[in-house]
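Asks: The following block contains a protein sequence and its predicted model.
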Amino acid sequence: MDSNNSTKNFGCEDHQREFEIICYQCNKLFCSRCLVHHNNQFSLNSHKCDHIDDIKFSLNNCLNNNINSCSDNNSNNNNNNSNSNSFIDKRLKDIWRNIRESAVSYQKIMSTEAEISQHFEKLYQYLMVEEKKLKNKLVEKRDLMISQIENNTSELKNLVNIINISRNSNSSNRSSVDNEIIVEQQVNDMSIEDPSVSSDTTDRYSTIYIARSVGESTSLSTFVRKNSDTIFDFSESQKKQMASQLSTYQDSFDSLILDSILKHYSQFSGNIFASQMVCQCRLTTNPFDNVTLNKVIENSIQLSIEQKTELERIEDLRKQIPTVAKSLSPTTYLVTTDRDQCLSVIDISVSPYSSYHKTITKFGFISCQNSMVAVGDTVYAFGGVSNTNQYFKYSVTQKSCEFKRHLKAFGTEGPHIITIFHKGKLYSFSRNEKSIYIYDPSNNVLNKYEIDQLFDKTHMACTDGQGNIYLYSHDKRFIKFDVAANKVTQLKPLEANVYYLSMVYRTSYLDSYIYILGGTKYGNHRYSIQDNIWDSSLDGFVGERWRCPSLVLDIESNKLIY
């Protein structure tokens with residue numbers, strides 16, 4: 001029955017027969033006699049076996065029908081039991097189904113990629129249009145500057161020619177007219193580039209080259225010299241033209257110069273009396289607000305990807321059946337205090353909030369709005385204006401309270417609005433500056449970071465326990481700060497006025513909220529995390545609660561939700 005022998009002696013060594021049957025569970029081959037022993041070892045139908053004849057029939061049937069019999073809609077499978085039970089037949093069906101599902105997913109992915117490209121193409125087009133709008137404002141001014149440069153350069157060229165005529169009139173050798181130009185012999189003239197190795201001659205007549213040459217020249221003489229072989233070239237043809245003109249004026253240089261000046265003023269009178277326009281461009285750029293930009297993009301397009309096995313898809317369908325999961329949720333209490341030394345406990349597991357208990361504690365809770373914590377069902381509050389060396393504790397289940405005196409002072413000076421522990425580090429946010437302090441206990445290092453998107457004055461703060469801090473400023477700004485990603489998300493602020501109130505985070509099976517408890521003076525408010533909206537909450541829940549602590553407590557799981 002050993003099926004692992006070499007192919008040379010392929011067969012059942014025990015019975016000297018050919019293998020005819022395969023067991024998929026044992027992954028072994030059997031002859032017909034071995035099968036009896038195999039079936040005696042295992043219960044009926046517990047192991048799936050196939051005979052070679054049935055396997056060949058299934059293979060031939062699949063091939064003869066172009067594997068169409070392997071599809072889910074094949075009706076011929078019912079006519080042959082062995083075919084439907086074939087392992088290969090089942091695998092072919094599974095593979096074909098998987099390939100079809102993968103092909104559909106692939107086409108959907110490609111289509112989604114194209115949609116994403118089309119979506120951002122609109123943004124690219126918008127940015128290009130905005131860029132063109134700004135540049136178009138400069139076109140008219142640029143053309144005006146080009147016109148002024150060309151006109152002034154042309155006039156300057158004519159004046160340089162007149163000067164060259166005058167200088168040649170003083171030359172002792174009339175027969176040899178020198179190609180002289182106005183030059184101040186300066187030391188830095190030696191550094192002027194050789195025109196023979198300069199840029200292309202055609203480019204050197206362009207406005208952009210002339211403007212750059214002016215900027216590089218320390219004086220008019222330097223500018224003329226740098227362009228002596230282009231704009232201000234006094235070539236042999238010009239020398240001959242000047243000699244020809246002299247004969248017209250009876251070889252009188254004075255007459256030639258006077259007439260040249262007369263013609264110059266006649267030609268360039270428009271330049272002489274025209275007002276010179278100077279365009280001063282001032283471009284102010286500010287860094288893009290990446291937070292706002294990211295928010296706009298995130299709101300305009302969202303991509304969700306689900307990669308699930310068949311069992312996971314079945315489980316999702318099962319979860320759609322109504323359950324009583326909500327009734328199994330733990331009881332959640334809102335514990336809050338007021339300026340009259342009272343502590344109130346409200347059951348907020350169900351709405352409307354009917355369960356309410358109030359206790360007079362004789363403990364001053366003013367100015368300890370961020371120092372309340374919970375351990376199990378017991379709530380602790382530390383310090384305050386009138387209790388700098390005391391702490392208070394209250395049992396929610398037993399409704400009992402006590403406070404201890406002479407608490408040894410600890411911590412550091414300076415008002416901090418909230419401190420959390422996340423992934424091995426302490427994060428503390430300053431109340432009166434745009435700072436965050438990060439303490440790493442593993443190496444005992446404390447670092448301070450300035451973050452422009454935080455607030456100069458933060459009045460309220462809370463956390464979801466997952467590394468997200470919610471901060472509310474004195475000027476009605478509301479943000480979420482992800483300490484791991486160092487990312488700020490702008491949230492909708494509350495329209496009502498609030499002042500150093502307690503802000504608490506609450507999550508449940510169906511929703512998540514942030515509560516601001518202002519009592520009689522500032523009101524009680526609730527913010528929906530999912531919907532980014534505010535509404536009034538806990539109507540009739542009165543008391544002066546500003547600068548007093550609160551928290552949300554899950555009793556059943558002993559999980560503190562700040």
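Replies: Perfect, I can see it now. Numbers count the residues shown, from 1 in each chain.
Asks: And the helix or strand containing residue 134, how far out from the chain middle?
Replies: Element membership for residue 134, per DSSP states H and E: helix 87-169. Relative to its chain's centre, helix 87-169 lies at 23 Å (CA atoms, centre = their mean, to the nearest Å).
Asks: same question, stretch 281-296
Replies: Centre-to-centre, stretch 281-296 and its host chain are 14 Å apart (CA atoms, centre = their mean).
Asks: all strands of the stretch 451-562 of the chain, in order?
Replies: 458-463, 468-473, 478-482, 487-491, 502-507, 512-517, 524-528, 533-536, 550-554, 559-561 (DSSP state E, counting those that start in this stretch).
Asks: Show me what the second one packs onto, helices and strands only.
Replies: Looking back up the chat, that one is strand 468-473. For strand 468-473, the packing partners by 3 or more CB pairs under 8 Å, 6 or more residues apart in numbering; DSSP states H and E come out as strand 416-422, strand 425-430, strand 458-463, strand 478-482, strand 502-507. For every residue, glycine as well, the C-beta is placed using N, CA and C.
Asks: let's see it at 10 Å
Replies: In terms of contacts (3 or more CB pairs under 10 Å, 6 or more residues apart in numbering; DSSP states H and E), strand 468-473 is packed against strand 416-422, strand 425-430, strand 458-463, strand 478-482, strand 487-491, strand 502-507, strand 512-517.
Asks: what angle sits between it and strand 512-517?
Replies: Following axes from the mean of the first three to the mean of the last three CA atoms, to 10 degrees, one obtains 30 degrees for the angle between strand 468-473 and strand 512-517.
Asks: State the paired neighbours of strand 468-473 in the sheet, together with their directions.
Replies: According to DSSP bridges, strand 468-473 forms sheet pairs with strand 458-463 (antiparallel), strand 478-482 (antiparallel).
Asks: hang on, residue 439 packs against residue 419?
Replies: Yes - using CB atoms under 10 Å, residue 439 makes contact with residue 419 at a distance of 9.1 Å.
Asks: what residues are shared contacts of these two?
Replies: 426-428 (CB atoms under 10 Å, 6 or more residues apart in numbering).
Asks: so where do the helices sit in this structure?
Replies: For the chain, helices defined by DSSP state H occupy the ranges 32-41, 52-64, 81-84, 87-169, 207-216, 220-226, 236-248, 253-267, 269-273, 290-300, 310-319, 519-522.
Asks: Specify the stretch among these that is closest to residue 445.
Replies: Comparing the helices of the chain against residue 445 with CB to CB, the closest turns out to be helix 290-300 (28.1 Å).
Asks: helices and strands around that closest one, which ones?
Replies: helix 87-169, strand 487-491.
Asks: Point out where the stretch 51-200 of the chain drops to low pLDDT.
Replies: Across the stretch 51-200 of the chain, the ranges flagged by pLDDT under 70 are 61-87, 170-200.
Asks: Find the nearest non-adjacent residue to residue 482, please.
Replies: Distances taken as CB to CB, 6 or more residues apart in numbering put residue 468 closest to residue 482, at 5.6 Å, once the chain neighbours are dropped.
Asks: Could you do residue 492 as well?
Replies: The shortest distance from residue 492 to any non-neighbouring residue, by CB to CB, 6+ apart, is to residue 532 (5.1 Å).
Asks: Could I get the phi/psi values of that neighbour?
Replies: Here is the backbone geometry of residue 532 (degrees, to the nearest 10): phi 60, psi 50.
Asks: How many residues are close by it?
Replies: Each residue near residue 532 was counted by other CB atoms under 10 Å, and the total is 12.
Asks: Tell me who's in contact with residue 341.
Replies: Contacts of residue 341 by CB under 10 Å, 6+ apart are 359-366, 386, 392, 548.
Asks: if you set the cut-off to 8 Å instead, what comes out?
Replies: Counting by CB atoms under 8 Å, 6 or more residues apart in numbering, residue 341 makes contact with 360-365.
Asks: Quick one, which of those residues are buried?
Replies: Buried members of the contacts of residue 341, counted by 16 or more other CB atoms under 10 Å: 361, 363-365.
Asks: Mind checking which residue lies nearest the centre of this protein?
Replies: Nearest to the geometric centre of the chain sits residue 294, at 5.2 Å (CA atoms, centre = their mean).
Asks: From residue 488, how far off is that one?
Replies: For residue 294, the distance to residue 488 equals 10 Å [CB to CB, to the nearest Å].
Asks: what's the domain layout of the chain?
Replies: By the assignment in automatic domain parsing, the chain contains the domains 134-273, 331-428+492-561.
Asks: among these, which is nearest residue 300?
Replies: Between the domains of the chain, domain 331-428+492-561 lies closest to residue 300; by CB to CB that is 15.8 Å.
Asks: mind pulling up the phi and psi values for the residue lying farthest from the centre of the chain?
Replies: Centroid-distance maximum for the chain: residue 250 at 82.5 Å, with CA atoms, centre = their mean. Main-chain torsions, residue 250, degrees, to the nearest 10: phi 50, psi 40.
Asks: Run through the residues that contact it.
Replies: Taking CB under 8 Å, 6+ apart, one finds nothing in contact with residue 250.
Asks: Residue 60 now?
Replies: For residue 60, the contact set (CB under 8 Å, 6+ apart) is empty.
Asks: Tell me the spacing between it and residue 54.
Replies: For residue 60, the distance to residue 54 equals 11 Å [CB to CB].
Asks: And residue 27, by the same measure?
Replies: Noted for residue 27: a distance of 18 Å to residue 54, by CB to CB.
Asks: Look at the two and report which has more neighbours.
Replies: residue 54 (20 against 8).
Asks: Contact partners for residue 447?
Replies: Each residue near residue 447 by CB under 8 Å, 6+ apart is listed here: 437-440.
Asks: As CSV, those residues with neighbour count, pLDDT and distance to residue 95 would be great.
Replies: CSV is the format used below for the contacts of residue 447 (neighbours: other CB atoms under 10 Å; pLDDT from 0 to 100; distance: CB to CB, whole Å):
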residue, neighbour count, pLDDT, distance to residue 95
437, 17, 83, 58
438, 15, 85, 53
439, 15, 82, 56
440, 12, 83, 52
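Asks: now the strands for the stretch 251-400 of the chain?
Replies: 332-337, 342-347, 356-360, 372-375, 378-382, 391-395, 400-404.
Asks: which residues are in contact with the last one?
Replies: Which is strand 400-404. Residues from elsewhere that reach strand 400-404 (CB under 8 Å, 6+ apart): 343, 359, 361-363, 387, 390-395.
Asks: Could you do the third one as well?
Replies: By CB under 8 Å, 6+ apart, the surrounding residues in contact with strand 356-360 are 341-347, 394, 399, 401, 541.
Asks: 6 Å - rerun?
Replies: Contact partners of strand 356-360, identified using CB atoms under 6 Å, 6 or more residues apart in numbering, comprise 342-346.
Asks: Can you get me a residue count around the closest residue to residue 338 other than its chain neighbours?
Replies: Leaving aside its sequence neighbours, residue 338 sits nearest to residue 543 (CB to CB, 6+ apart; 3.7 Å). Using other CB under 10 Å, residue 543 is surrounded by 19 other residues.
Asks: thinking residue 543 is in contact with residue 519, fair?
Replies: Yes - contact criterion CB atoms under 6 Å: residue 543 and residue 519 qualify, at 4.4 Å.
Asks: Low-confidence bits of the stretch 301-450 of the chain, can you list those?
Replies: Along the stretch 301-450 of the chain, the model assigns pLDDT under 70 to residues 309-330, 350-355, 369, 383-385, 387-389, 404-416.
Asks: buried sites along stretch 238-253?
Replies: Across stretch 238-253, burial judged by 16+ other CB under 10 Å covers 239, 242, 246, 253.
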